[in-house]
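Engineer: Quick one, structure for this:
(one chain, ligands or ions: 1)
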Amino acid sequence: MSRLVVVSNRIAVPTGRQTPPGGLAVAVLAALKEYGGIWYGWSGEVSQLDTDTKIVNKGNITYAMVDLLPEDHDDYYNGFCNSVLWPLCHYRPQFMEFSRKEWEAYNRVNEMFARKLVPLLQPDDLIWAHDYHLFSLAHHLRLMGVTNRLGFFLHIPFPAWGLWRSLPCYEELLTFVCEYDLVGFQTNDDLIAFYNCVKYGLGVDVGNDGAFKVGKHPMRAQVFPIGIDVQATTSAARKSRRSSTRKRLIGSLRRRKLIVGIDRLDYSKGLLSRFLAYERLLELYPHHRRNCVFLQVAPESRKDVEAYDEIRRELEEAAGHINGRFADFDWAPIRYLNRGFNRGILMGILRAAQVGLVTPLRDGMNLVAKEYVACQDPRNPGVLVLSSLAGASRELSDGAVMVNPFDLDGVAEGLEVALQMPLDERIHRWRIMMKVLRHNDIRSWRISFVTTLQQWPT
Ligand code: GDG
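Structural biologist: Numbering: from 1, shown residues only. So this is what the prediction gives:
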């Protein structure tokens, strides 16, 4: 088999037992561990000078890391990636702040990533780029004469044509995306949105097999819903039974039911609406007062982007308000932890919860929804309450209690259903979801993407 070279904006070299938060890191690491290869991208460091690529070998993975210059960190990462593409793809155009300077920085950094990658490549390497930071990478690699197979997977949603066209550089960026050989999306909704953009933005019709040509270049777009490492997740959750943190958590609940949310602190995750929906639960269904606890873990991300400051403030206020309104001497309805934990502890928290509350306003997939299911005790599983706007809803809607995160009363009702659900129904729903997770795990995601990339367009 050809060597796999994974390229992502951010490299996550695991230290000890810690895996950094973020769905992409978790997924890519699990995929690379299986057969090994190179993981290339930004080190997470900002340097004043253009530095050499740093190489670290660990197990069967070679980590190749480049630093960013301060102005590139501002304009490419905080700017075009996280203040233009992220809000646009998550249907939040009000947070979009476009400038030509940042668009230039985006292309400059994609060119730099390509230039420093070229010396690491062998002729038959398969190159698999990840996520919205690297829409333009194929374009720069092609300009440098790279003829390797180039695949791209988008972890976040692809926006509808009506939104995409609001990006001033939409046509050029879309043309760059079409220089990959294979482009993968999380759901059919994203794929259809992409086809429409290609059709209306570039005037190109897509064939029934998802193949089309932009200029002379044949490419293909397809759905590859990302999965999790079910066995590793389940066993981490089982092992956590012995952990002192989990024992402390369970002891502190005093037999109250636990509702849990775990998300990076991000406006796409719908945390404020989730807090308000929980408040509605306590208003509309007063029998849950004093009888349940909502634990939200929300490690900070993208601290330099203004919109994230605002959400942090809003959440602190909302948690304070709800606790102030309902708390008693020996009960606080919300526990809001604004920091990260190691993976073992997180999986233990998920296992301990009677309800997993996953209510993003938009999400490419949402791995926490899948992890919650995999962490459950088969003899007494909890219930997943899931947003219909998460990619995971396309696979888990038969087993989860489905809610629309914009309908606060509806989410409160979903919580009520979940908290009251009898054991036999919980087991039935859990089994349906586990079947889906096992069938489409991280391994089959990786294999189906890489195999399709290898075979296309022969
Ligand atoms: C993007 C897309 C798509 C969370 N807190 C900690 C921690 N986590 C782990 C979770 C989970 C991952 O991070 C988060 O994954 P999500 O999928 O929920 O969300 P994004 O980070 O936005 O991921 C998303 C994903 O890519 C994969 O394609 O599903 O739609 O937005 O695994 O458990 N991990 C550690 N400490 C924490 O505090 N170690």
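
Engineer: Which secondary structure elements does the helix ranked longest in the chain sit against?
Structural biologist: In the chain, taking DSSP state H as the definition, the longest helix is helix 306-326. Counting by 3 or more CB pairs under 8 Å, 6 or more residues apart in numbering; DSSP states H and E, the packing neighbours recorded for helix 306-326 are helix 271-284, strand 334-337. The way it works is simple: take the backbone N, C-alpha and C, and place the C-beta from them, glycine included.

Engineer: Could you single out the most deeply buried of those?
Structural biologist: Most buried of those, by mean neighbour count (mean count of other CB atoms under 10 Å): helix 271-284, with a mean of 21.

Engineer: Find the helix or strand that the residue in the stretch 151-300 of the chain that the ligand sits nearest to is a member of.
Structural biologist: Proximity of the stretch 151-300 of the chain to the ligand (CB to the nearest ligand atom) peaks at His155, 3.6 Å away. Taking DSSP states H and E as the definition, His155 sits outside all helices and strands.

Engineer: for it, what are its contacts?
Structural biologist: Applying CB atoms under 8 Å, 6 or more residues apart in numbering to His155 gives the contacts Gly23, Leu24, Ala27, His130, Asp131, Tyr132, Gln186, Ile226, Gly364, Met365.

Engineer: Can you convert those residues into a markdown table and add a column each for neighbour count?
Structural biologist: Below are those laid out as a markdown table (neighbours: other CB atoms under 10 Å):
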| residue | neighbour count |
| --- | --- |
| Gly23 | 21 |
| Leu24 | 22 |
| Ala27 | 23 |
| His130 | 23 |
| Asp131 | 23 |
| Tyr132 | 24 |
| Gln186 | 25 |
| Ile226 | 27 |
| Gly364 | 28 |
| Met365 | 26 |
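
Engineer: Please verify my assumption that Ala138 contacts Glu179.
Structural biologist: Yes: here Ala138 reaches Glu179: they are 4.1 Å apart, a contact under CB atoms under 8 Å.

Engineer: So for the two, which residue has more residues nearby?
Structural biologist: For the pair Ala138 and Glu179, the greater number of neighbours falls to Ala138 (26 against 22), based on other CB atoms under 10 Å.

Engineer: Which residues are in contact with that one?
Structural biologist: Counted by CB under 8 Å, 6+ apart, Ala138 has contacts Ala129, Leu150, Phe152, Phe176, Val177, Glu179, Tyr180.

Engineer: I'd like these as CSV, with secondary structure, distance to the ligand and pLDDT appended.
Structural biologist: Converted to CSV, the contacts of Ala138 look like this (DSSP: H, G, I helix; E, B strand; the rest coil; distance: CB to the nearest ligand atom, whole Å; pLDDT from 0 to 100):
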residue, secondary structure, distance to the ligand, pLDDT
Ala129, strand, 14, 97
Leu150, strand, 19, 97
Phe152, strand, 13, 98
Phe176, helix, 21, 97
Val177, helix, 17, 97
Glu179, coil, 22, 97
Tyr180, coil, 17, 97
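
Engineer: Please pick the buried ones from these.
Structural biologist: Ala129, Leu150, Phe152, Phe176, Val177, Glu179, Tyr180 (16 or more other CB atoms under 10 Å).

Engineer: before we move on, the earlier item: so which of the contacts of His155 is the closest to Leu453?
Structural biologist: Nearest to Leu453 out of the contacts of His155 is His130 (CB to CB; 12.9 Å).

Engineer: what does the helix or strand bottoming out on mean pLDDT in the chain contact?
Structural biologist: Confidence across the helices and strands of the chain bottoms out at helix 23-35, with a mean of 73, counting by mean pLDDT, DSSP states H and E. Helix 23-35 has contacts (CB under 8 Å, 6+ apart) with 1, 4, 6, 8, 10, 12, 14, 19, 39, 59-61, 130-131, 155, 226, 228-229, 232, 364-367, 442-443, 445-446.
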